[in-house]
Each structure stands twice: as structure tokens, then as C-alpha cells.
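> how does the following fold in three dimensions:
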Amino acid sequence: MLVSDKIMVVVCANCGTVYETPQIKIDNLSDYAREYYYTDANTAWHHDDLQYIWTFYNWEALRERLPWQEIHRVMDVGAAGAWAQAMLMNAPDVIESVLVEPSPQAIFNCEIRYPKLRAELSVFEEFEDEPGSYDLITFCSSFYSITDPLDALANVNRLLRQGGFLVMCFSNVAIHLEHWVDGAPWVHMSHLIRGVPVIYYSTVSYRKFAELSGFEIIEDITFEIPDGDPRGLAGTQLNFVVAKKVGLPATQIDSEALRDQEEVERSFTLFTQFCERVTEKSLGLFFQKFRPSQIILIHDGDEAYARWVNQKLAKCGGTALLLDRNTVPLEHLPDIAGDEAGTYVLLAGDWYANSAERVEALFQRANVINCSPPIGFQGYGNWLPSVQGGAIITRAFCPYYSLDERIFPFEKRPSINSRKVTAQELGYAPRPEFMLPRWVSEVAYYADDLAAHLLTLPVDDRRTALKPFHDMARAEVSPNSIIAQFDEMLPAERDTISLGSLVAATRKSYLRPLLQWALLRGDIEQLDDPREGFNLPTFGPN
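Take a look at the predicted model:
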């Protein structure tokens, strides 16, 4: 993947939307979704495990805010299947749930894990189905990848029946606004440094886009992740915009319709000063509570960030001795810093837990505070260069770790729920373990290409080509299959359908699950390739 150092984060001077330029537009660069969105470090099935936890919060937020008795066909856009499955299982009158997603790995996860869903590999703006055939379409933390929101919402309008519902859920979890990790405040605008193609639409933007696209806003609510979240994200806010189709999208939109100077100023302030203000508040509370006599700041080698932190310390009336852990052996720290009561050793930048614990073990009387991010959020860096040649800090420095919401510089939105309701009380239960070798994602590509080919064949030729796959999927697991060789844990055998119905299929999504299941279960070496010149992939570690 190419990495550019010329990508800038921009605040629109007209409406306040925050976006990256130049942008990756998935419908113009479909290979991005196929090759780069999910990686060895972030597999689709791992991501789906995280999305599974969110489904309990989504359902709690929406179960009394939508007329589920009127909702029979639903769609979720841009995920790996967990929320689409949750709607099918929880809503009593839902008879079909569809996932639309541009990543083959996510579709593969969905088809193996949730065989009752219909998974469609497509960029949503290009997805076609019977107009007016859906009752509900949701974007749960996926609208950020939509680079032309009005086109996307026009397609939503086309697919929904009159009176159908649109739900857009967003958390700004990518920048961790008002984010708690294991009871401690953590702020890091990580995706500003390089995460995924992204636009930070605000609540104001969501409402305006929906209204211009033929929707009436029903509710605009906030759900706060409760205590006991399995990932330690209690306190993160999820925002839901619930809208109803009442008309057609506007045919012409004047930029004046989106103008909002207040939103421009809010966005600019938020994205340039949020981490600075959090840091200043945290340091102020730290000095107020602990009154340190000496401060030692040990950083990870990022001297620009260390100097910035020291400037913030000076504003609060204290200065620190700066030490670079790369040049000072950790075992020498007590000799340099002293080990006296009132001395505070603050760890800045990226620190692995075992390294931080080693430092803590070196001191008996001095206090050591680990101000580094949780391990899951390391590796992005601390700051972003601005166009003017300065730096925008993207990682807050928080030595004040008591649970105190005063640390955040902007008011939280009132939430519809109490933080005291635990995840378990919402029905959360750990899901069964699910593992796949990372390289089996090749199966997803092969099955999609082969399904597309099969749809071009005459009926008799398609029957001949499909029969080996059909028989393989129904047979016992082969000793030479991927599953058997790698002892991978998968759900029970998916529901198989008749060869006749497969031959009559009109969608890739009706053929692809069978092909994928056959390739996972069967002896690949004995399978004749039904396409001349189409070589079966070589399955094995990269």
C-alpha cells in the first residue's frame, strides 16, 4: 500500500465537515477495500468480534425507538455481519437481513459465520436491488467511508419503501473523544495520522444530509457505553440519527443549504485543540491533587512531543527533567532521578506494559505514572504537522488518572441510558471462539471470481461446474481440507441447498457461500477446475 505524506486534514470553511484530502474514494478504487482495509494485523473476523460487542449497545439504543413490528427486510452497510445478524435474531418480524460491504474478507466472514444472512459484495453507492423493498437501512460506524453522502443517501431513499427508516450510528471512536480505557481518560486522534479513508461527519452534518435526501429526523440520541465493557471503553458515546423517508431527494442543492459558520468554528477548535485542552486540564488537576516537588519525564524518543509536554507543565508552574529512554538505561533511572517522596516519574509516548512495569519496580518512594496509550492505540505517533509548519497534537498527555469527567474540555451530550447498566445486564455474552488462518482470505477472492463466472454459463454447463462444489460442501470434512489441516474452529455446517436452486441462482451471493464452504471443507487437490485456464489458488502461509 502506498503511504503519502501529502495527505492533509481539512475543515470545510462552508459546513465544518472534517475530511482528508486527497481522499480514497472506494468506488473509484475498489482494490483498496479488497486489499488494504483488512490486514494481517486487523483481520475481518477479528474486527467482527469487536462489532459483535457493539451490537448489544445498538440494540439497547434502538429496540424501543423503531416500530420493529413493521420492519421485515433490513440492510446493514459496511461491516462484517454481526449487526445484520443481531437484527435478524432480535427483531421478531425481520425475515431477511442483508449485508452490503466492499471487502471480500468481510463478506467471507459473514457467509461462513452467519449463513442465514444475504451478503452482497458491493460498494453501497453502486448496489442495486428492487426499489422500495427495504424497511430499514443502517450505517453503524461505517458512514465515515462514504465520500459522497448525498449520492449514498439517494440510494438509501431509492431502496427504502415510503415511511421506511434510516439509522446512522457514529461514535467518533476513531479519534477517541471522551474515551475511557480501563477507567482512565484517553484521547488520541489516531486516524488523523493515518488510519482508514475517513470523513468526520458531525451530528449537524448527518441531520442536514438526511433532510436534503428526503428524510425526516425522528430522533437524534446518544447512548453511552456502560461500565464493564469487555474492551474497557466505558464512557464512549454512540450517537444515533434515526430518520424516516417522507419524500424524494432534492434535485439541486445550493451550498448555502449546508452553510454553518458555528459548525465551522466548532470543528476547527475541536480538531486542533482537543488534545491540548485535555492535557492542560489533566495537568492542572494533577498539580492540584499531588503537588509534586520534582518531575522526571521519560519519553520514547519523540523529542518534539516531550518538549510540548514540558511546555504544558511549565504553564502549570512546574518543569521536568527530560530523559530519552533510548539513551538512558532504565536501571540507571533511580540514580538520575532520585527515589524520594514527592518525585513523580511520568512516562510519555509509546510504552509497552512490561517496560512501564520495569520502571515502576525500580522506585520505592517516587511515584511512577504511565501516561502512554493502551497497547491497542500505540504506533500512530503523537502529532501531525500543520500547513503553517506547526504541529497539531493528536495524543493527549494525562497524568491525572482519576475518573473525573472534568478532564474533558467540551460538554458531553446527555445520554439516554445510565452508565451503571452493565454490558451483562444488556444481554452481552462472550461469543463462541472463531478462528481462521489469515491466508484463507484467498478463498474469498477465488469464490467471488468463480461465482461471477458461473453466472455467465448456460444452465447445463453451470450444473456440471457446480456439482463438485455441491458434493464437497455436503460431504464430511476432508483430511486434506483447510479446516482439518489447521484444526481451525468454525461454526456448525452451514445449511446446504439443492443443486437445482444453485443452478437457478441469479446472484453471486447465492453461489459464493457454497463455493467458500466447499473450499474450506474439501480436498482441494482433487477438485477439477471448471474454468479452462483458471488455476486454483495455492493455499498456504504467506
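
> domain ranges for this protein?
Under automatic domain parsing, the residue ranges defining each domain of the chain are 8-246, 262-403, 438-526.

> residue nearest the centroid of this structure?
Ser141 (6.5 Å; Cα atoms, centre = their mean).

> for Val10, give me the pLDDT.
Here the pLDDT value assigned to Val10 is 84.

> hey, what's it bridged with?
Tyr19 (DSSP bridges).

> and it, how far is that from Phe268?
Going from Val10 to Phe268 by Cβ to Cβ, to the nearest Å gives 10 Å. All C-beta spots, glycine's among them, are computed from the backbone N, C-alpha and C.

> likewise Gly247?
With the distance defined as Cβ to Cβ, Gly247 ends up 33 Å from Phe268.

> repeat for Val387
Val387 sits 13 Å away from Phe268, going by Cβ to Cβ.

> test my guess that Leu519 contacts Tyr445.
No. Applying Cβ atoms under 8 Å as the test, Leu519 and Tyr445 come out as separate, 11.0 Å apart.

> neighbour count: the two, which is higher?
Leu519 (25 against 15; other Cβ atoms under 10 Å).

> tell me which element the more buried one falls in.
Assessed by DSSP states H and E, Leu519 sits inside helix 508-521.

> can you give me the mean pLDDT across that helix?
Here the average pLDDT along helix 508-521 is 91.

> run the chain-centre distance for that helix.
Distance of helix 508-521 from the chain centroid (Cα atoms, centre = their mean, to the nearest Å) equals 26 Å.

> packing partners of it?
helix 104-113, strand 118-121, helix 441-454, helix 459-474, helix 482-486, helix 499-503 (3 or more Cβ pairs under 8 Å, 6 or more residues apart in numbering; DSSP states H and E).

> let me see the ranges of the helices in the stretch 51-200 of the chain.
Remark: helices assigned in the stretch 51-200 of the chain by DSSP state H, counting those that start in this stretch are 82-90, 104-113, 149-159, 191-194.

> can you add distance to Met435 and mean neighbour count and give the ones you listed back as TSV?
Formatted as TSV, the helices of the stretch 51-200 of the chain follow (distance: least, Cβ to Cβ, whole Å; neighbours: other Cβ atoms under 10 Å):
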stretch	distance to Met435	mean neighbour count
helix 82-90	16	22
helix 104-113	11	27
helix 149-159	34	21
helix 191-194	28	19
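
> need the ones you listed in JSON lines (columns: mean pLDDT).
Formatted as JSON lines, these follow (pLDDT from 0 to 100):
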{"stretch": "helix 82-90", "mean pLDDT": "97"}
{"stretch": "helix 104-113", "mean pLDDT": "92"}
{"stretch": "helix 149-159", "mean pLDDT": "95"}
{"stretch": "helix 191-194", "mean pLDDT": "60"}
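
> which of those sits closest to Ser478?
helix 104-113 (16.8 Å; Cβ to Cβ).

> now the angle between helix 441-454 and that closest one, please.
90 degrees (axes from the mean of the first three to the mean of the last three Cα atoms, to 10 degrees).

> contacts for helix 104-113 next, please.
34, 37-38, 43-45, 47-48, 79-81, 84-85, 99, 101, 117, 119-121, 434, 436, 441, 443-445, 447-448, 490-491, 494, 509, 512-513, 516-517, 520 (Cβ atoms under 8 Å, 6 or more residues apart in numbering).

> orientation of that helix relative to helix 82-90 in degrees?
30 degrees.

> distance from helix 104-113 to the middle of the chain?
Per Cα atoms, centre = their mean, the centroid offset for helix 104-113 relative to its chain is 16 Å.

> please save the CA atoms from that helix in PDB.
C-alpha atoms of helix 104-113 as PDB (Å, rounded to 0.1, in the frame of the first residue of the first chain):
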ATOM      1  CA  PRO A 104     -14.200  -9.800   0.200                       C
ATOM      2  CA  GLN A 105     -12.800 -10.700   3.600                       C
ATOM      3  CA  ALA A 106     -15.700  -9.200   5.400                       C
ATOM      4  CA  ILE A 107     -18.200 -10.900   3.100                       C
ATOM      5  CA  PHE A 108     -16.300 -14.200   3.600                       C
ATOM      6  CA  ASN A 109     -16.600 -13.800   7.400                       C
ATOM      7  CA  CYS A 110     -20.300 -13.100   7.100                       C
ATOM      8  CA  GLU A 111     -21.100 -16.100   4.800                       C
ATOM      9  CA  ILE A 112     -19.200 -18.500   7.000                       C
ATOM     10  CA  ARG A 113     -20.300 -17.200  10.300                       C
END
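
> sorry, back to before: out of the contacts of helix 104-113, which end up buried?
Buried members of the contacts of helix 104-113, scored by 16 or more other Cβ atoms under 10 Å, are 34, 37-38, 43-45, 47-48, 79-81, 84-85, 99, 101, 117, 119-121, 434, 436, 441, 443-444, 447-448, 490, 494, 509, 512-513, 516-517, 520.

> just the domains of the chain: most buried one?
The highest average neighbour count among those, using mean count of other Cβ atoms under 10 Å, belongs to domain 8-246 at a mean of 20.

> how long is that one end to end?
38 Å (Cα to Cα, to the nearest Å).

> try stretch 389-408
End-to-end distance of stretch 389-408: 27 Å, with Cα to Cα as the criterion.

> Ala61 and Phe287, how far apart?
39 Å.

> please disregard the earlier target; I meant Gly247.
For Gly247 relative to Phe287 (Cβ to Cβ), the value is 56 Å.

> with Asn367 instead?
Asn367 is 13 Å from Phe287, by Cβ to Cβ.

> how about the secondary structure of Lys281?
Secondary structure, DSSP: H, G, I helix; E, B strand; the rest coil: Lys281 is helix.

> is it fair to say Glu219 lies in a helix?
No. Counting by three-state DSSP, one finds Glu219 to be strand, located in no helix.

> where does the stretch 301-450 of the chain have low pLDDT?
375-379, 403-405, 410-411, 438-439 (pLDDT under 70).

> how about the helices in it?
Using DSSP H, counting those that start in this stretch, helices in the stretch 301-450 of the chain cover 303-315, 333-337, 353-362, 441-454.

> dump those helices to JSON lines, plus distance to Phe215.
Below are the helices of the stretch 301-450 of the chain laid out as JSON lines (distance: least, Cβ to Cβ, whole Å):
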{"stretch": "helix 303-315", "distance to Phe215": "44"}
{"stretch": "helix 333-337", "distance to Phe215": "59"}
{"stretch": "helix 353-362", "distance to Phe215": "46"}
{"stretch": "helix 441-454", "distance to Phe215": "33"}
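
> wait, which of the ones you listed is closest to Ile146?
helix 441-454 (22.5 Å).

> which other helices and strands contact that closest one?
Checking 3+ Cβ pairs under 8 Å, 6+ apart, helix 441-454 ends up next to helix 104-113, helix 459-474, helix 508-521.

> any chance of the ones you listed in a markdown table, plus distance to Leu159?
As requested, those are exported to a markdown table (distance: least, Cβ to Cβ, whole Å):
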| stretch | distance to Leu159 |
| --- | --- |
| helix 104-113 | 19 |
| helix 459-474 | 29 |
| helix 508-521 | 16 |
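
> for Ala337, find the nearest of these.
With Cβ to Cβ, the closest approach to Ala337 among the helices and strands packed on helix 441-454 belongs to helix 104-113: 47.9 Å.

> does Ile218 touch Phe240 like I think?
No. Judged on Cβ under 8 Å, Ile218 makes no contact with Phe240 at a distance of 10.2 Å.

> hey, what's in contact with both of these two?
Common neighbours of Ile218 and Phe240 (Cβ under 8 Å, 6+ apart) are Arg65.

> just the pLDDT for Phe534.
The model's pLDDT for Phe534 equals 60.

> I meant Trp59, not that one.
96.

> look up the closest residue to Ser103, ignoring the ones flanking it.
Ala33 (4.7 Å; Cβ to Cβ, 6 or more residues apart in numbering).

> perfect, I'm done here.
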